[in-house]
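Trainee: using only what follows, build the 3D model:
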Amino acid sequence: MAVDKPAGLLTVPIPGMVSVNLQSLVQHDHGPKVRPVHRIDRYTSGIVLFAKTGKARHNLVKQFRFHSARRSYLALVRGKVEPKTGTLVHFLKRISKGFRNVVVKGPEEGGSKAELNYEVLETFPASTLVKVDLVTGLKNQIRVQLNEQGYPLIGDRHYSRKEADEPWIDRQALHAAELGVIHPIHGKELTFRSPLPADMQKLIDVYKTRRKSP
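Mentor: Alright, predicted model coming up:
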């Protein structure tokens, strides 16, 4: 089951925190056996995959673990991204302060490898619309890696303090647009797509003509 999650909704419950989450909503309608295969950030919109049986979930989780699931995101970032296509590889370490990942030199500093491929879709006067294909899938990976390259996601105040002043969107401009997996029972390739949400489309429309960052 593929569900189109709105920004602001948790994918799964957080221990000790009473908050609406996608898992609980789905299980309310379809039963407790339906469980998420992966998760996306609370303030990221887009596709989340659920499995209806334990056997199906085991198969699908393996696809994510071994990086055979295809995950494509759309991100609007500050600056003009160069080169137009490329691969980013960093080592990320999770820290408790701020519940975030930071870039470190390598495994010797406790880092896990993070890899993604990107392609510039459109360049605007002060920003760039980028398609990102994940190779690995670490927490906040796209946000951390693009910020490390000098291209913070517009609205991502968690990794760029300047984004607190962004007036046109109240979350990071990141959308899980496409997901591809192999069906765990009949083996056919499945592709799910989610249209760009209204807040990101409005943001893009604004930045198409905006000459300066705030």
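
Trainee: now the element after the worst-scoring helix or strand of the chain on mean pLDDT, going C-ward?
Mentor: Here the helix or strand of the chain ranked lowest by mean pLDDT, DSSP states H and E is strand 100-104, holding a mean of 88. If you walk from strand 100-104 toward the C-terminus, the next helix or strand you reach (DSSP states H and E) is strand 112-123.

Trainee: that next one packs against which elements?
Mentor: If you count contacts as 3 or more Cβ pairs under 8 Å, 6 or more residues apart in numbering; DSSP states H and E, strand 112-123 packs onto strand 85-95, strand 127-134, helix 141-148. All C-beta atoms are positioned from the backbone trio N, CA, C, and that covers glycine.

Trainee: buried ones in the least confident helix or strand of the chain?
Mentor: 100, 101, 102, 104 (16 or more other Cβ atoms under 10 Å).

Trainee: figure out which of the helices and strands packed on strand 112-123 is closest to residue 62.
Mentor: Evaluated over these, closeness to residue 62 peaks at strand 127-134, with 16.2 Å, by Cβ to Cβ.

Trainee: what about the longest helix in the protein?
Mentor: The longest helix of the chain (DSSP state H) is helix 54-65.

Trainee: hmm, who's touching that helix?
Mentor: By Cβ atoms under 8 Å, 6 or more residues apart in numbering, the residues outside helix 54-65 that reach it are 33, 35, 37, 38, 49, 51, 69, 137, 181, 182, 184, 185.

Trainee: just put those in a markdown table and tack on distance to residue 205, neighbour count and pLDDT.
Mentor: Output for the contacts of helix 54-65, formatted as a markdown table (distance: Cβ to Cβ, whole Å; neighbours: other Cβ atoms under 10 Å; pLDDT from 0 to 100):
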| residue | distance to residue 205 | neighbour count | pLDDT |
| --- | --- | --- | --- |
| 33 | 42 | 11 | 95 |
| 35 | 37 | 17 | 97 |
| 37 | 33 | 23 | 97 |
| 38 | 30 | 19 | 97 |
| 49 | 30 | 23 | 98 |
| 51 | 37 | 19 | 97 |
| 69 | 31 | 20 | 97 |
| 137 | 30 | 18 | 93 |
| 181 | 32 | 21 | 98 |
| 182 | 37 | 15 | 98 |
| 184 | 39 | 20 | 95 |
| 185 | 42 | 10 | 93 |
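
Trainee: ok now the helix or strand that residue 200 is a member of, how far from the chain's centre?
Mentor: Assessed by DSSP H and E, residue 200 sits inside helix 198-207. Put simply, helix 198-207 sits 18 Å off its chain's centre (Cα atoms, centre = their mean, to the nearest Å).

Trainee: check which residues of that helix are buried.
Mentor: Those would be 199, 200, 203, 204, 206, 207, for helix 198-207 by 16+ other Cβ under 10 Å.

Trainee: and the contacts of it?
Mentor: 7, 45, 74, 76, 124-127, 129, 154-155, 168-169, 171, 173, 175, 196.

Trainee: alpha carbons only: can I get it in PDB?
Mentor: Extracted in PDB, the C-alpha atoms of helix 198-207 (Å, rounded to 0.1, in the frame of the first residue of the first chain):
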ATOM      1  CA  ALA A 198       0.500  22.900  -3.500                       C
ATOM      2  CA  ASP A 199       2.900  24.600  -1.100                       C
ATOM      3  CA  MET A 200       6.000  23.500  -3.000                       C
ATOM      4  CA  GLN A 201       4.400  24.400  -6.400                       C
ATOM      5  CA  LYS A 202       3.700  27.900  -5.000                       C
ATOM      6  CA  LEU A 203       7.200  28.200  -3.700                       C
ATOM      7  CA  ILE A 204       8.600  27.300  -7.100                       C
ATOM      8  CA  ASP A 205       6.400  29.800  -8.900                       C
ATOM      9  CA  VAL A 206       7.700  32.500  -6.500                       C
ATOM     10  CA  TYR A 207      11.300  31.600  -7.000                       C
END
